[in-house]
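> just coords:
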């Protein structure tokens, strides 16, 4: 994939800010990339009788579904669950009517859940980064689909758009 590097230097009050590197990827290469990405993400969606537009729409739906899952992970306050589990299970495990075997199983189970919550709390910045990446891809695919729909509309209704 070829990219062209463009330097953007916005000005504020006559002052030039530090240059920001922006990579421009031609639309056709971007479309090819996302068609391949769709094939890797969901090979069943890329049958021979589907158009590129349909495949990219399926990819958009898959990206949206993944973003929804990641959003749920990002919105949950994982570290609060640790104290709740300790409080709830701690009271249960100190009861006198529990046998040693049952108490050990309870402690092992509680330990597994706490370990999961601790690991998930540590991974929450990664969930946010994954959401950001999926969001970027989602926006690009959505832009491609809008452009493709506009082009298809122009081909189907040539009279509605002025000729240049």
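Looks like it arrived, so ask away. All values reported here derive from a predicted model rather than from experimental measurement. Numbering: from 1, shown residues only.
> alpha carbons only for contacts and neighbour counts from here, please
OK.
> Which strands or helices does the lengthiest helix in the chain pack on?
Looking across the chain with DSSP state H, the single longest helix is helix 100-156. Applying 3 or more CA pairs under 8 Å, 6 or more residues apart in numbering; DSSP states H and E, one finds that helix 100-156 makes contact with helix 27-41, helix 52-75, helix 78-93.
> Could you verify that residue 50 is part of a strand?
No. Under DSSP: H, G, I helix; E, B strand; the rest coil, residue 50 falls outside any strand and is assigned coil.
> let's have the chain start at 861 instead
Understood, numbering begins at 861; the last thing we discussed is residue 910.
> In contact with the residue nearest the centre of the chain, which residues?
Centroid check for the chain by CA atoms, centre = their mean gives residue 994 as the closest residue, at 2.8 Å. Contacts for residue 994 were tallied using CA atoms under 8 Å, 6 or more residues apart in numbering; they are 923, 926-927.
> now it: how far from residue 1001?
10 Å (CA to CA, to the nearest Å).
> Ok, residue 959 next?
Applying CA to CA to residue 959 and residue 1001 gives a distance of 58 Å.
> So these two - more neighbours on which side?
Between residue 959 and residue 1001, residue 1001 has the larger neighbour count (other CA atoms under 10 Å), namely 21 against 10.
> tell me the pLDDT at that one?
pLDDT, the model's per-residue confidence, is 95 for residue 1001.
> And for the closest residue to it other than its chain neighbours, the neighbour number?
Distances taken as CA to CA, 6 or more residues apart in numbering place residue 920 nearest to residue 1001, at 6.4 Å, with adjacent residues excluded. The local packing of residue 920 (other CA under 10 Å) involves 21 other residues.
> same deal with the one 5 residues further on?
Residues lying near residue 925 (other CA under 10 Å) number 12.
> And it, what's its pLDDT?
Residue 925 is assigned a predicted lDDT (pLDDT) of 95.
> Show me how far the longest helix of the chain is from its chain's centre.
Helix 960-1016 sits 6 Å away from the centroid of its parent chain (CA atoms, centre = their mean, to the nearest Å).
> so where's this structure uncertain?
Low-confidence segments of the chain (pLDDT under 70): 861-882, 941, 949-956, 1018-1024.
> Could you rerun that using 90?
Along the chain, segments meeting pLDDT under 90 span 861-887, 901-909, 932-987, 1011-1024.
> what's the closest non-adjacent residue to residue 891?
Residue 891's closest residue in space is residue 1004 (CA to CA, 6+ apart), at 7.1 Å.
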